[in-house]
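S.K.: Fold the following, please.
(one chain, ligands or ions: 1)
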Amino acid sequence: MNSIAVYCSSSDIIHQDYFQSAKELGKAMAQNNYQLVYGGGMVGLMGEVAKSVKYNGGQTLGVVPKALNIDNVVNDIDDELIVTDGMRERKAIMDERADAFIGLAGGFGTFEEMFEVLTLKQLGYHNKPIIFLNIRGYYNHLLAMFEHIYSEGFAKEQYRVLYHVSESVDDALEYLKSYQPPNLPDKWFI
Ligand code: AMP
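M.R.: Numbering: from 1, shown residues only. The predicted structure follows:
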């Protein structure tokens, strides 16, 4: 495993704990030789993770749609920057270039990215690790919603293995190191 896509917030007005975790994650990635694949922004947690990876001697790949390739939004520290026509192509490149996916806390953009890789894994398009980094219990409500999805019969309970929930950066890295792609059942209830 060489590269990790980190999906995370573009907001700067969130609790310091999130920035602390972003910094820690970036450092751990650099120390373990994982390239960062990310949205290429200098804002919010994205900027923080990328800065930390670079500060600690690691490699970054930013993938940014041309509409967001503007001063004070796009980062200028990346080893490689790919500018795409739109958001869909950008996500496809991020998915392709990453061997694993980590959702640090974020808003709609982060959720969309995480849901896409979950859905693709559910359908067997890939079998890469997906981690929710649950800082400050940020994902607790979403995880409760996932349980509701299972109990209402909208997904098989075996799909809990699609994702892993880490309460710390160390746990996330441990999970990645020992990851065994699961044998997933068919999606359909028939
Ligand atoms: P959000 O969680 O809504 O802040 O969106 C963050 C996610 O959407 C990131 O993982 C990025 O891939 C993408 N994104 C949103 N805003 C930007 C931005 N200004 N620059 C680059 N990527 C962004």
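S.K.: what helix or strand is the residue of the chain found nearest the ligand on?
M.R.: Closest contact between the chain and the ligand, by CB to the nearest ligand atom, is at residue 109 (2.2 Å). C-betas here are computed from N, CA, C, even on glycine. Using DSSP states H and E, the element containing residue 109 is helix 108-122.
S.K.: Would you mind pulling the contact partners of that helix?
M.R.: 5, 7-10, 39, 91, 94-95, 101, 103-104, 126-128, 130, 132, 142, 155, 159, 162-163, 184, 187 (CB atoms under 8 Å, 6 or more residues apart in numbering).
S.K.: and the residue of the chain closest to the ligand, how many neighbours does it have?
M.R.: 18 (other CB atoms under 10 Å).
S.K.: pLDDT wise, what is it at?
M.R.: pLDDT, residue 109: 94.
S.K.: Same question for residue 51.
M.R.: 97.
S.K.: who touches residue 177 in this structure?
M.R.: Residues near residue 177 by CB under 8 Å, 6+ apart: none.
S.K.: And residue 153, which helix or strand is it part of?
M.R.: Assigned by DSSP H and E, residue 153 falls outside every helix and strand.
S.K.: confidence score at it?
M.R.: 95.
S.K.: Relative to residue 189, how far out is it?
M.R.: Distance of residue 153 to residue 189, computed by CB to CB, to the nearest Å: 7 Å.
S.K.: overlap in contacts of these two?
M.R.: With CB under 8 Å, 6+ apart, residue 153 and residue 189 have no common neighbours.
S.K.: For this protein, which segments count as helices?
M.R.: 16-31, 44-55, 87-97, 108-122, 140-151, 169-177 (DSSP state H).
S.K.: Next, the buried residues of stretch 92-99.
M.R.: For stretch 92-99, a neighbour-count test (16 or more other CB atoms under 10 Å) marks 93, 94, 95, 97, 98, 99 as buried.
S.K.: still on that earlier bit, looking at the helices of the chain, which is nearest to residue 72?
M.R.: helix 44-55 (10.6 Å; CB to CB).
S.K.: Please put the alpha-carbon coordinates of that closest one into PDB.
M.R.: The C-alpha trace of helix 44-55 is given here as PDB (Å, rounded to 0.1, in the frame of the first residue of the first chain):
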ATOM      1  CA  GLY A  44      -9.300  23.700   6.300                       C
ATOM      2  CA  LEU A  45      -8.200  20.200   7.200                       C
ATOM      3  CA  MET A  46      -7.100  19.600   3.700                       C
ATOM      4  CA  GLY A  47      -4.400  22.300   3.900                       C
ATOM      5  CA  GLU A  48      -3.400  21.100   7.400                       C
ATOM      6  CA  VAL A  49      -2.900  17.500   6.400                       C
ATOM      7  CA  ALA A  50      -0.900  18.400   3.300                       C
ATOM      8  CA  LYS A  51       1.300  20.900   5.200                       C
ATOM      9  CA  SER A  52       2.000  18.300   7.800                       C
ATOM     10  CA  VAL A  53       2.900  15.600   5.200                       C
ATOM     11  CA  LYS A  54       5.300  18.000   3.400                       C
ATOM     12  CA  TYR A  55       6.800  19.300   6.700                       C
END
